[in-house]
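# Predicted structure and sequence below. I'll ask about it afterward.
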Amino acid sequence: MQQTRTTTRRTAREKHLSEFHPTTLACRAVLALIALMLAVGAAVAGTVRLDGPMKQGGLVQGHTEAGTKIEFGGRVIRVSKDGVFLIGFGRDAPPETRLRITYADGSREWRVLKIAQRKYRVQRIDDLPPDKVTPREQDLVRIRSDIALIKKARTRDDARTDFLSGFIWPVTGRITGVYGSQRILNGKPRRPHYGLDIAAPTGTPVLAPADGIVTLAHPDMFYTGVTMIIDHGQGLSSTFSHLSRLLVKEGARVRQGDPVAEVGATGRVHGAHLDWRINLFAERLDPKLALESMSAAETRPKIQETSYK
């Protein structure tokens with residue numbers, strides 16, 4: 001009996017001493033460090049916030065920590081020094097896509113994005129000049145040149161974040177064409193419409209919807225007539241077509257609300273209006289969604305929209 005008590009006391013004492021053994025303390029320190037690292041990793045993960053419409057045509061503004069690497073759509077996305085970045089979903093974006101995030105500490109995350117699908121209208125426009133619907137052979141060289149100039153302007157990738165000024169309507173009026181609609185021109189199916197058409201009288205001032213730099217100011221393109229592109233930074237740009245007059249030159253720095261052009265009826269048109277488009281590099285986005293997600297509610301005018309068949 002006495003031997004059993006002695007053995008029990010010895011085992012308890014040895015167990016107590018073993019808890020303070022250098023090897024045991026080192027193991028505990030390592031485990032505590034691992035737990036701390038996991039906790040820090042958990043705190044870092046999930047620090048990417050996405051603001052904007054998760055739907056086809058949507059422009060989304062991301063916020064994260066400096067040093068985070070974002071990959072989307074097969075390319076590395078520019079992240080500003082303040083952790084701001086942009087992604088966008090085209091007209092026919094799939095229901096699901098992924099965002100790859102690599103944090104400054106090297107940890108990685110794949111974020112699955114659910115993209116709402118949209119139904120698009122069909123718009124029929126008749127009585128257009130036949131050569132504007134089916135160009136003649138001699139017009140094709142000019143068309144290719146126009147396309148090359150527009151593509152070049154849309155490849156600009158500045159660190160500027162002028163888009164943080166938000167967006168306002170460049171002109172107000174009746175909406176006569178919407179993003180994504182399938183166009184039937186003179187009875188012939190053509191490419192979808194990627195802009196927002198706003199009817200207004202010729203000469204109506206067109207305002208810069210956000211801060212930016214004018215990267216294209218062309219006096220006469222085949223389809224779009226007098227055309228202007230304003231770059232808002234990080235590959236985001238506004239295109240204005242069918243203008244009657246340019247008020248600023250290429251390279252000009254403009255502020256939101258500055259008059260930059262005037263509404264017209266040049267190029268392939270059926271009346272005076274502004275065709276306003278928004279691009280994130282080559283991805284065509286919906287200007288109306290950009291207005292809704294990147295402007296204050298009180299700045300959105302109530303605009304009558306024409307119905308389509």
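Structure's in. What do you need?

# Please parse this protein into its domains.
If you go by automatic domain parsing, the domain ranges for the chain are 1-31, 49-114, 122-299.

# confidence score at G187?
According to the prediction, G187 has pLDDT 69.

# how about stretch 85-97: buried residues?
When neighbours are counted by 16 or more other C-beta atoms under 10 Å, the buried residues of stretch 85-97 are found to be 85-91, 93, 97. Placement of C-beta: from N, CA and C, glycine included.

# Among those residues, which lie within helices?
Applying DSSP state H to these, no entry is found in helices.

# farthest pair in these?
The two members of the buried residues of stretch 85-97 with the most space between them (C-beta to C-beta) are F85 and R91, at 21.6 Å.

# Mind pulling the model confidence for the residue found closest to D258 once you drop the neighbours it is linked to in the chain?
On the basis of C-beta to C-beta, 6 or more residues apart in numbering, the spatially nearest residue to D258 that is not a chain neighbour turns out to be A208, at 4.7 Å. With respect to pLDDT, A208 scores 98.

# A208 reaches A252, doesn't it?
No: at 9.8 Å, A208 and A252 do not qualify as touching, with contact defined as C-beta atoms under 8 Å.

# Name the residue in these two with the higher neighbour count.
A208 (27 against 17; other C-beta atoms under 10 Å).

# ok, now how distant is that one from F89?
Using C-beta to C-beta, to the nearest Å, we find A208 at a distance of 25 Å from F89.

# same thing with V122?
If you measure V122 against F89 using C-beta to C-beta, the figure is 22 Å.

# now swap in G212 and tell me
Note on G212: its distance to F89, by C-beta to C-beta, is 22 Å.

# S80 contacts Q234, doesn't it?
Yes: S80 is in contact with Q234 according to C-beta under 8 Å; the separation is 7.4 Å.

# what sits in contact with each of these two?
Counting by C-beta atoms under 8 Å, 6 or more residues apart in numbering, the shared contacts of S80 and Q234 are 159, 161.

# Comparing the two, which residue is more hemmed in?
Taking neighbours as other C-beta under 10 Å, S80 and Q234 compare with Q234 leading, 24 against 17.

# Could you list which residues are in contact with that one?
Applying C-beta under 8 Å, 6+ apart, we find Q234 in contact with 78, 80, 85-86, 157-161, 163.

# Check it and give its pLDDT.
Taken from the predicted model, the pLDDT recorded for Q234 is 97.

# could you check the distance from it over to R100?
Relative to R100, and taking C-beta to C-beta, Q234 is found at 18 Å.

# before we move on, what about L140?
40 Å.

# Looking at the two, which one has more neighbours?
Neighbour tally, L140 and R100, criterion other C-beta under 10 Å: the higher count belongs to R100, 14 against 11.

# For that one, which non-adjacent residue is spatially closest?
In space, R100 comes closest to E71 once its chain neighbours are excluded; the distance is 4.0 Å by C-beta to C-beta, 6+ apart.

# check which helix or strand covers that neighbour.
Element membership for E71 (DSSP states H and E) is strand 69-72.

# Okay, now the sheet partners of that strand, with direction.
The pairing partners recorded for strand 69-72 under DSSP bridges are strand 75-77 (antiparallel), strand 96-102 (antiparallel).

# now for these, which one comes closest to D146?
Set against D146 and scored by C-beta to C-beta, the strands paired with strand 69-72 come closest in strand 75-77, at 25.5 Å.
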